[in-house]
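In: Pasting the sequence and the predicted coordinates here, then a few questions.
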Amino acid sequence: MNVVVGQSGGPTVAINASLAGVYQAAIKAGADKVYGMRNGIFGFLQERLVVLNELLCDEEKIELLKRTPACYLGSCRYKLKAAEVAEEEYQKIFEILKKYEIDCFFYIGGNDSMDTVDKLSAYGKKIGSSIRFVGVPKTIDNDLMVTDHTPGYGSAAKFVATVIKELVRDTEIYDLKAVTIVEIMGRNSGWLTAAAALAKGEDCNGADMILLPEAPFTMESFFEKIEARLKVKNNLIIAVSEGVKLPDGRYVCELADNTQGEDVFGHKQLTGTALFLADACAKRFGIKTRAIELSTPQRASSHLASLTDIEESCRVGAAAVEAAVRGESGVAAVFVRACNKPYCCETGVVDIHEIANLEKTVPLAWINEDGTDLTEEYLDYARPLIQGELTPYFADGLPKHLVLK
């Protein structure tokens, strides 16, 4: 059989580990050729394919791939229209699949990528195609339904918690009133910002406030909580999701009128939440403030990769191949947790309709009463996902990466 695999959406530390998992499992299953899409389905439509058998020809390259952040094959943000209004595009995709004698199609990505798998598998079924379409989950946002967690989240959470710990050390050296606001990715779900709670421990007090899109937020309540905390502590660290919302549904960053339009999927592009809140605090309290936007480093910092995340990401890629070999299509591989202590998590397969275009948020029961911290239930859930380290290969003092030229 021949298979093709692509990567889509935002990059992560672990998405290449899933690619490695798909490749190794496909070879083990007897695949003749494993094609890689350059820049996802967008590149596939241009027949920009590479033969991974030639590029990942030894174990050393596969291990290096696992230690390389972002998307080895390149990514895209390309939305397939409904087949009813763009059937020519679907016909072209299936012509290319036939040309390269593709039996299995794997797509690694988040919500929108699962939508692509859903649409292609539905069209394939409509025309009587035997090609199997399987999704492989990926997103630092951890917002895919059904799966216990998503590949990439553990490493990004490890990075966020580490940065918060280091910022606490940095700010506590000064004996003066100050507020540092750290903006973390998360449009409608606060999973990644919640990871700031992991910083708290014997050697660290952690963040003083953690603000998620799921919790109610008003400017006055925000000021009141800061004022109360400044009475007992000089330096405050506040972790805030970029998508924190006001009661009327607007994002806080929209108050600064600095949003940057929408992407191709209709998502508002958010930025400036921390900067707006820091400026507001400076005006309200007359103290030093600082805004820190973690931005893209939180999703691509392979030097802080979670070993658990990398190993599981590779495993879920293999699970997708195993599902296709069994003849399943229109499905996605997922994680199914059996236990927190000791941590035990297996892989499973679900119908793609249970994931595509749906969004999982942080349970309200895992947020404390005043909406500024996470409960032990969240910590028990998240802590296993950040365990272990996968040390990069170093060359000339810097991490070495596998790059497709």
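Out: Now that the structure is in, tell me what you want to look at.

In: Which positions within the lowest-mean-pLDDT helix or strand in the chain qualify as buried?
Out: Lowest by mean pLDDT, DSSP states H and E among the helices and strands of the chain is helix 297-300, with a mean of 92. Across helix 297-300, burial judged by 16 or more other CB atoms under 10 Å covers Q298, R299, A300. Using the backbone N, CA and C atoms, a C-beta is placed for each residue, glycine as well.

In: now swap in stretch 344-361 and tell me
Out: C345, T347, G348, V349, V350, I352, I355, A356, K360.

In: Just give me the closest of those to A280.
Out: Set against A280, the nearest of the buried residues of stretch 344-361 by CB to CB is K360 (30.5 Å).

In: On the pLDDT front, check the closest one for me.
Out: pLDDT recorded at K360 is 96.

In: can you check Y174 too?
Out: Listed pLDDT for Y174 reads 87.

In: Contacts only, for it.
Out: If you count contacts by CB atoms under 8 Å, 6 or more residues apart in numbering, Y174 has them with N234, N235.

In: that's a helix at it, yeah?
Out: No. Secondary structure of Y174 (DSSP: H, G, I helix; E, B strand; the rest coil): coil, not part of a helix.

In: Going forward, count from 4.
Out: With 4 as the first residue, the last one maps to Y177.

In: re earlier: show me the buried residues of stretch 347-364 that map onto helices.
Out: The helices, defined by DSSP state H, take in nothing from the buried residues of stretch 347-364.

In: For L68, state which of those is nearest.
Out: Set against L68, the nearest of the buried residues of stretch 347-364 by CB to CB is T350 (20.0 Å).

In: wait, isn't the closest one in contact with V337?
Out: Yes. The criterion here is CB atoms under 8 Å, and T350 meets it with V337 at 7.0 Å.

In: Mutual contacts of these two, please.
Out: Residues touching both T350 and V337 (CB under 8 Å, 6+ apart): V319.

In: care to break the chain down by domain?
Out: 5-144+305-359+392-402, 156-302 (automatic domain parsing).

In: Out of the ones you listed, flag the one nearest E379.
Out: Nearest of those (CB to CB): domain 156-302, 9.8 Å.

In: Lowest-confidence one in the buried residues of stretch 347-364?
Out: Lowest pLDDT among those: A359, 89.

In: List the contacts of that one.
Out: Contacts of A359 by CB under 8 Å, 6+ apart are N114, M117, D118, V120, D121, G138.

In: so which strand or helix has the last one?
Out: Here G138, judged by DSSP states H and E, is contained in strand 135-140.

In: For that strand, name the packing helices and strands.
Out: The contact analysis (3 or more CB pairs under 8 Å, 6 or more residues apart in numbering; DSSP states H and E) places strand 135-140 against strand 105-112, helix 114-130, helix 310-328, strand 334-342.

In: Of all those, which one comes closest to D282?
Out: Ranking those by their distance to D282 (criterion: CB to CB) puts helix 114-130 first, at 32.4 Å.

In: Report the buried residues of the closest one.
Out: Within helix 114-130, the residues that count as buried by 16+ other CB under 10 Å are 114-127.

In: mind checking how far the residue nearest to D118 when sequence neighbours are not counted is from A327?
Out: Leaving aside its sequence neighbours, D118 sits nearest to A359 (CB to CB, 6 or more residues apart in numbering; 4.6 Å). Separation of A359 from A327 (CB to CB, to the nearest Å): 17 Å.

In: Do a quick rundown of the strands in this protein.
Out: Secondary structure of the chain by DSSP state E: the strands cover 5-10, 36-40, 52-54, 105-112, 135-140, 181-187, 212-214, 238-244, 291-296, 334-342, 347-354, 397-398, 401-402.

In: Tell me which strands the last one pairs with, and in which orientation.
Out: Right, strand 401-402. The strands beside strand 401-402 in its sheet (DSSP bridges) come out as strand 397-398 (antiparallel).

In: residue contacts, L100?
Out: Contacts of L100 (CB under 8 Å, 6+ apart): V7, F108, S132, I134.

In: want to throw those into CSV with distance to L393, pLDDT and neighbour count?
Out: What follows is these, written out as CSV (distance: CB to CB, whole Å; pLDDT from 0 to 100; neighbours: other CB atoms under 10 Å):
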residue, distance to L393, pLDDT, neighbour count
V7, 27, 98, 24
F108, 28, 98, 27
S132, 38, 97, 16
I134, 34, 98, 20
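
In: quick one, phi psi at I134?
Out: In terms of degrees, to the nearest 10, the main-chain angles of I134 are phi -70, psi 140.

In: Report how many residues lie close to C60.
Out: 10 (other CB atoms under 10 Å).

In: And it, how close does it get to L405?
Out: Using CB to CB, C60 is found at 12 Å from L405.

In: got the contact list for the residue lying closest to M4 once chain neighbours are set aside?
Out: Closest residue to M4 apart from its sequence neighbours, by CB to CB, 6+ apart: D106 at 4.0 Å. Residues in contact with D106 (CB under 8 Å, 6+ apart) are M4, N5, V6, S133, I134, R135, A327.

In: Most neighbours among those, which one is it?
Out: V6 (29 neighbours).

In: pretty sure it is touching C107, no?
Out: Yes. The pair V6 / C107 is scored as a contact, 4.2 Å apart, by CB under 8 Å.
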